[in-house]
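Undergrad: here's my sequence, what's the structure:
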Amino acid sequence: AEAEAEAEAEAEAEAEAEAAISVDLAERFAASPFQARATQRQIPWGWAGLSLLAGLLLAAQYAFFYSDELGRNPDYRPWVARYCAITGCTVPVLRDISKITSEQLLVYSKPETPGALTVDAVIVNRAAFAQPFPDLQLSFENLQGEIIAQRRFRPGEYLDGALRDTLMMPPNQPVRLTLLLVDPGQTAVSYSLFIRE
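TA: Okay, here's the model as predicted:
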């Protein structure tokens, strides 16, 4: 009988403890149902904001360190130029010497300058953008096609007048130039002008 009474007392005590826990949990949830939901929402928005910020920082670093590659693309170049004006990165100078052509090349001697040749030529930048003036290389060959004389001219050597201090060659605008050089002699039967970087 005593064992049964003890078992019943233990069962009642356990039931009361479970009821107290249930009541306590119910009171907690009843007191703040919206607070629990708000806490659940704040965590994802916080992570989303941090993820967005990290993505923007990563994109900014990429644009800074790869501004030279991005700046070569005409579609991105205006955006990269604005970005670099703010951050201090450099936008590369566009250059495509295959778009620069030489036209109307004429080599002749003048009686007033014996032992010298005058070279007249026109170079044109066919690219859609301004680019640095190239180096020019003039070569003279003999009948066998061997180079017997050659000279390379830097922009400061062939530009004169108003163009002397100009660094960039405007697009689709002919630039007339005149060069004076030593006559390579009678064995020079052909000549060529090459555009070099």
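Undergrad: which parts of this structure are helices?
TA: With DSSP state H applied, the chain shows helices at 2-31, 33-65, 67-71, 77-87, 155-158, listed in chain order.
Undergrad: by mean pLDDT, show me the worst of these.
TA: Note on those: lowest mean pLDDT is at helix 2-31, with a mean of 62.
Undergrad: got a list of what L117 touches?
TA: L117 makes contact with 107-109, 180-184, according to CB atoms under 8 Å, 6 or more residues apart in numbering. Quick note: C-beta positions are derived from backbone N, CA and C, even for glycine.
Undergrad: mind putting those into TSV with pLDDT?
TA: Shown next, in TSV, are the contacts of L117 (pLDDT from 0 to 100):
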residue	pLDDT
V107	89
Y108	89
S109	87
L180	86
L181	87
V182	89
D183	89
P184	89
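Undergrad: please indicate which of those are buried?
TA: Buried residues within these, counting neighbours by 16 or more other CB atoms under 10 Å: 107, 184.
Undergrad: restricted to strands, list the contacts of L117.
TA: Taking DSSP state E, the ones among those that sit in strands are 107-109, 180-182.
Undergrad: and these, which two are furthest apart?
TA: Taking CB to CB as the measure, these span a maximum distance of 14.3 Å, between Y108 and V182.
Undergrad: list the buried residues for stretch 180-197?
TA: By neighbour count on 16+ other CB under 10 Å, the buried set for stretch 180-197 is 184, 188, 191, 193.
Undergrad: and stretch 73-92, by the same measure?
TA: For stretch 73-92, by 16+ other CB under 10 Å, it's 77, 80, 83-84, 89, 91.
Undergrad: kindly export that stretch (C-alpha atoms) in PDB.
TA: The C-alpha atoms that make up stretch 73-92 are tabulated as PDB, following Å, rounded to 0.1, in the frame of the first residue of the first chain:
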ATOM      1  CA  ASN A  73      36.300  47.800 -74.000                       C
ATOM      2  CA  PRO A  74      34.500  50.700 -75.700                       C
ATOM      3  CA  ASP A  75      31.200  49.800 -73.900                       C
ATOM      4  CA  TYR A  76      32.700  49.900 -70.400                       C
ATOM      5  CA  ARG A  77      35.200  52.700 -71.000                       C
ATOM      6  CA  PRO A  78      33.000  55.700 -70.000                       C
ATOM      7  CA  TRP A  79      32.000  53.900 -66.800                       C
ATOM      8  CA  VAL A  80      35.600  52.900 -66.000                       C
ATOM      9  CA  ALA A  81      36.700  56.500 -66.600                       C
ATOM     10  CA  ARG A  82      34.200  57.900 -64.100                       C
ATOM     11  CA  TYR A  83      35.100  55.200 -61.600                       C
ATOM     12  CA  CYS A  84      38.800  55.900 -61.900                       C
ATOM     13  CA  ALA A  85      38.200  59.600 -61.500                       C
ATOM     14  CA  ILE A  86      36.800  58.900 -58.100                       C
ATOM     15  CA  THR A  87      39.200  56.100 -57.000                       C
ATOM     16  CA  GLY A  88      42.400  57.100 -58.600                       C
ATOM     17  CA  CYS A  89      42.900  54.100 -60.800                       C
ATOM     18  CA  THR A  90      44.200  54.600 -64.400                       C
ATOM     19  CA  VAL A  91      42.300  54.100 -67.600                       C
ATOM     20  CA  PRO A  92      44.600  52.800 -70.300                       C
END
